[in-house]
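[1] Fold the stuff below for me.
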Amino acid sequence: MHRVDPIGMEDSEEPLEQWEVKGSEGPYAMILTRRDLSTLYPGMHRYTLRLLLGDRTFALFRTNTYEYSPTDPLDAESVARREADNWKSLLSRDPETFFAAHLEQVREPPRSKKNDVLIIQGSPRADGNCSIIAGWVAAAVENAGFSSEVVFPHDLWISGCIGCYQCYNTGFCTFDDDMTGIIASLRNARLLVICTPVYTSTVPGELKLVMDRFQAFHAETILAGRFVKRTGLVCAVSGRTGKDNFTCVTRVIHDFMKNLHIIPGEPVLVDGIDRLRDVRKVPGLKEQIHAAVTESLVAGGTGRHGC
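    Model prediction:
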């Protein structure tokens, strides 16, 4: 028996064309639809091809206009229609091969983790100042009666975003690596805390990889219409003295958070660490971070509830 794909027809999809295909279990309906996503990106449309038996979806293909670069001779609608022709041909010749191929494409969403706070320690130094701050954040979360998870991107396998826009077809990234688990952690969290040093006036490269790859989570929430209230907090450390050293860091991270509908709070910025060497020597910093975490938890709501 064929496995049914869990993704059903959406109200916002416009039917373009329908074909009837004979099958051993009865006549299949092949339907091509279009969804307007231009509120996300100008001119973005997603085309969906489904094979249905009654109200059950047995095969699914999606593509969108932003997948195709200016030098690519293909376009989304023609690709979708060509796929429809391929489906009709293979179903008539070898239905078992057709269904076997499409069963392999079914991808289940990962189970969300049940921590209230996700802490991303963006420094490559596991025992450095950002690690100390991440520990303070985790302790503040525990003192407030909540749970947290600390993620170290530099210890993980995370590919860079390649700008393929395929996540806007299904809500999944084309890469299935350690970033999948980080997204699962944020899905249930109500507070995101990013601890980062200043590297060349911005964030370290591996942390930027993580932020870029969260685009798949943006696609997931947009396509599902599922928006959860979350707050964000930035704790940044600079070797040089002066708050202007954090301009790019806070701008990049706050723009990233807003893209995910996360409300950023007032950041905790610690400068002049080249001279002090140790954030534990900064008077009142630990207490400041505890207060910022508590305030962010209150702003984000204290109820524990899943997405």
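[2] contacts, neighbours, all on C-alpha from now
    OK.
[3] which residues touch stretch 246-257?
    For stretch 246-257, contacts defined as Cα atoms under 8 Å, 6 or more residues apart in numbering pick out 198, 201-203, 211, 232, 234, 236, 238, 263-264, 267, 269.
[4] if you set the cut-off to 7 Å instead, what comes out?
    Stretch 246-257 is contacted by residues V198, S201, T202, V203, M211, I263, P264 when judged by Cα atoms under 7 Å, 6 or more residues apart in numbering.
[5] Output those as JSON lines; include the columns distance to V141.
    Shown next, in JSON lines, are the contacts of stretch 246-257 (distance: Cα to Cα, whole Å):
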{"residue": "V198", "distance to V141": "24"}
{"residue": "S201", "distance to V141": "29"}
{"residue": "T202", "distance to V141": "27"}
{"residue": "V203", "distance to V141": "24"}
{"residue": "M211", "distance to V141": "23"}
{"residue": "I263", "distance to V141": "18"}
{"residue": "P264", "distance to V141": "17"}
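[6] quick one: which of those is nearest to D55?
    Each of the contacts of stretch 246-257 was scored against D55 by Cα to Cα, and M211 proved nearest at 37.9 Å.
[7] Neighbours of the residue nearest to that closest one when sequence neighbours are not counted, how many?
    Excluding its sequence neighbours, the residue lying closest to M211 (Cα to Cα, 6 or more residues apart in numbering) is F256, at 6.6 Å. F256 has 18 neighbours, counted by other Cα atoms under 10 Å.
[8] Pull out the buried positions in whatever helix or strand F256 lives in.
    Assigned by DSSP states H and E, F256 falls within helix 247-259. Neighbour-count burial for helix 247-259, counted by 16 or more other Cα atoms under 10 Å, picks out V249, T250, I253, H254, F256, M257.
[9] and the gap between the fifth one and F217?
    Distance of F256 to F217, given as Cα to Cα, to the nearest Å: 12 Å.
[10] So for those two, which residues contact both of them?
    Contact criterion Cα under 7 Å, 6+ apart; no residue bridges F256 and F217 by contacting each.
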